[in-house]
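Peer 1: Predicted model, plus sequence, below.
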Amino acid sequence: MKDADQNPATVPAPIDPMAYYFQDLLLLNKGAVRLYLIRHGQSGGNVARQEGRLAEYDPPLTTVGLEQARRLGERMATYGVDVIYSSPLQRAYNTGMAIARITGHEITVIDDLQEINEPLRDGGDGVPDPNSPLPDGMSHRDIKAKFEADPVWDNLPGSESSAHFRERIVRSIDQIVADNPGKKVAITCHGGVIQSYVAHVLGLRSDFPFYCFNASITSVRAQNDRRALWRLNDLGHLDGMAMT
């Protein structure tokens, strides 16, 4: 949009104020990176938790998850996605493959896009095991109450810290933005990743600002150090399917 101050004689300036004043704040310009943060389709781990069972490590997509991914791939192809990034975990990678099969793009895998705790499964970095006993004097009810009052990963025993989780997510997405100026970027990852990144964009302490559905699209525009949330939890491509 032309600089309205180049023709100041007309009062008000000959512009659409909504477009002119908001274009940089909301990153309406073509130079912004369009990030499509996509949660993987339904996995065996999602079903296990619904049934009250412990989820296995790196579970595959279910039959429902594969159909969710197929529909997602068709929709993302209509957007003209330029590049695809993914977590290495198969539920995210195979969701990304549904986009790659249609667009012909290769997938770039980034380890730091893994879900909370997943990179620490080997017990490295001195992070507690999530299956370790509860802290002395604490019951599950105590922890639940503390977590509800302050919903951050730090208040769940054995979790990767909120700061560590956000740092690795933000660092990896910032690098993706820097590497792809003006492009449309699909990132297939995990609910916790998207929740914490949205919280970061909005400046929230909570790591759980919303529930992220399987195969949903959350869109963020990015340019330099500015971020603007454009869309949250879009499931339009799953019309007629149950939300999971």
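Peer 2: Looks like it came in fine.
Peer 1: Poorly predicted segments of the protein, please.
Peer 2: 1-14, 120-132 (pLDDT under 70).
Peer 1: Could you pull up phi and psi at the residue nearest the centre of it?
Peer 2: By CA atoms, centre = their mean, the chain has its centre lying nearest to Ile194, at 2.5 Å. With angles defined as degrees, to the nearest 10, Ile194 sits at phi -70, psi -40.
Peer 1: residues making contact with the helix or strand where Ala48 lies?
Peer 2: Using DSSP states H and E, the element containing Ala48 is helix 44-50. Here helix 44-50 makes contact (CB atoms under 8 Å, 6 or more residues apart in numbering) with 54-56, 59-62, 65, 91, 214, 244. (Each C-beta comes from the backbone N, C-alpha and C, glycine too.)
Peer 1: give me that answer again for 10 Å
Peer 2: Applying CB atoms under 10 Å, 6 or more residues apart in numbering, the contact partners of helix 44-50 are 40, 42-43, 53-62, 64-65, 89, 91, 115, 191, 214, 244.
Peer 1: how distant is the host helix or strand of Gln175 from the center of its chain?
Peer 2: In the assignment (DSSP H and E), Gln175 maps to helix 162-179. Computed by CA atoms, centre = their mean, to the nearest Å, the chain-centroid distance of helix 162-179 equals 11 Å.
Peer 1: I figured Gln175 hits Ile110, correct?
Peer 2: Yes. Between Gln175 and Ile110 there is a contact under CB atoms under 10 Å: 8.3 Å.
Peer 1: Can you check which residues contact both of the two?
Peer 2: With CB under 10 Å, 6+ apart, Gln175 and Ile110 have common neighbours Tyr85.
Peer 1: More neighbours: which of the two?
Peer 2: Ile110 (18 against 13; other CB atoms under 10 Å).
Peer 1: residues contacting that one?
Peer 2: 85-88, 168, 172-173, 175-176, 187, 189.
Peer 1: Have a look at this structure and report its longest strand.
Peer 2: strand 226-234 (DSSP state E).
Peer 1: Adjacent strands (with direction) for that one?
Peer 2: Counting by DSSP bridges, the strands paired with strand 226-234 are strand 217-223 (antiparallel).
Peer 1: now the angle from the strand it pairs with to helix 162-179?
Peer 2: Strand 217-223 runs at 70 degrees relative to helix 162-179, counting by axes from the mean of the first three to the mean of the last three CA atoms, to 10 degrees.
Peer 1: how far out from the middle of the chain is strand 217-223?
Peer 2: 9 Å.
Peer 1: Stretch 113-120 too?
Peer 2: 13 Å.
Peer 1: follow-up on the earlier one: in the helix or strand just after the helix holding Ala48, what's buried?
Peer 2: Counting by DSSP H and E, the element after helix 44-50 in chain order, helix or strand, is helix 63-78. Residues of helix 63-78 classed as buried: 64-73, 75-77 (neighbour count, 16 or more other CB atoms under 10 Å).
Peer 1: before we move on, the earlier item: PyMOL command to pick out the buried ones of the contacts of helix 44-50?
Peer 2: Applied in PyMOL, the following selects the buried portion of the contacts of helix 44-50 according to 16+ other CB under 10 Å:
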select buried, resi 40+42+43+58+59+61+62+64+65+89+91+115+191+214+244
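Peer 1: coming back round to it: sort out which one of the contacts of Ile110 lies nearest Ala145 for me.
Peer 2: Distance to Ala145, by CB to CB, is smallest for Arg168 among the contacts of Ile110, at 28.7 Å.
Peer 1: Just give the number of residues close to the closest residue in space to that closest one that isn't next to it in sequence.
Peer 2: Residue nearest to Arg168 in three dimensions, not counting chain neighbours: Asp112, with 4.2 Å by CB to CB, 6 or more residues apart in numbering. Number of residues near Asp112 (other CB under 10 Å) recorded here: 18.
Peer 1: Correct me if wrong: Asp112 contacts Glu160.
Peer 2: No. Using CB under 10 Å, Asp112 is not in contact with Glu160, being 11.6 Å away.
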